[in-house]
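Participant: no sequence on hand, only this structure:
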C-alpha cells in the first residue's frame, strides 16, 4: 500500500507544524511523517477506486423526511401571550434596553 507519490517528507511535516504553530520533537516529526504517509496513501487508494459512473452520495442509505405534516392549530391571542409577561407596552413585551441609547 506504500505509494511514493502519496508520501510526505519529514521536512514537509516540519513545515506544516510551523504553519500550525506546533512544536514537535525530532521523534514526533519522524512518527508523524510515517503516519501521514499512510493516510495519504489510503486516500490515494480510495481515489483510484472512485469511478465516474458512481454518483456521489452523502449517505450510504437513502433518507426520507420523517417530519409530520403541518396542521393548523389554535394559538394564543395577543392578550393571552402577554398575560404572563412582567411588563407589556403597546401590545408587545417590554424588555430593558441593553444596547445603550441607540435606536
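Facilitator: On my side now, so go ahead. Every value quoted in this text rests on a predicted model; they were computed, and no experiment measured them.

Participant: show the backbone phi and psi for the residue nearest the centre of the chain.
Facilitator: Nearest to the mean C-alpha position of the chain, by CA atoms, centre = their mean, lies residue 58 at 14.2 Å. Main-chain torsions, residue 58, degrees, to the nearest 10: phi -100, psi -20.

Participant: show the pLDDT at it.
Facilitator: Each residue has a pLDDT score; the one for residue 58 is 81.

Participant: next: residue 85.
Facilitator: Looking at residue 85, the pLDDT reads 92.

Participant: that one in helix, strand or coil?
Facilitator: Here residue 85 is recorded as coil under DSSP: H, G, I helix; E, B strand; the rest coil.

Participant: how about the contacts made by the residue lying closest to it once chain neighbours are set aside?
Facilitator: In this structure, residue 85 finds its nearest non-sequential neighbour in residue 93, 5.2 Å apart by CB to CB, 6 or more residues apart in numbering. Just so you know, the C-beta spots here come from the backbone N, C-alpha and C atoms, and that holds for glycine as well. If a contact means CB atoms under 8 Å, 6 or more residues apart in numbering, then residue 93 has 82, 85, 87 as its contacts.

Participant: quick check: the last one touching residue 96?
Facilitator: Just to be clear, that refers to residue 87. No - look at residue 87 against residue 96 with CB atoms under 8 Å: they stay out of range, at 9.0 Å.

Participant: okay, the two: which has more neighbours?
Facilitator: Counted by other CB atoms under 10 Å, residue 87 and residue 96 do not tie: residue 87 has more neighbours, with 10 against 5.

Participant: so what's the more buried one closest to, chain neighbours aside?
Facilitator: For residue 87, the closest residue by CB to CB, 6+ apart turns out to be residue 94, at 3.9 Å.

Participant: distance of the one you found from residue 77?
Facilitator: When distance is defined by CB to CB, to the nearest Å, residue 94 is 18 Å away from residue 77.

Participant: do the same with residue 33
Facilitator: 69 Å.
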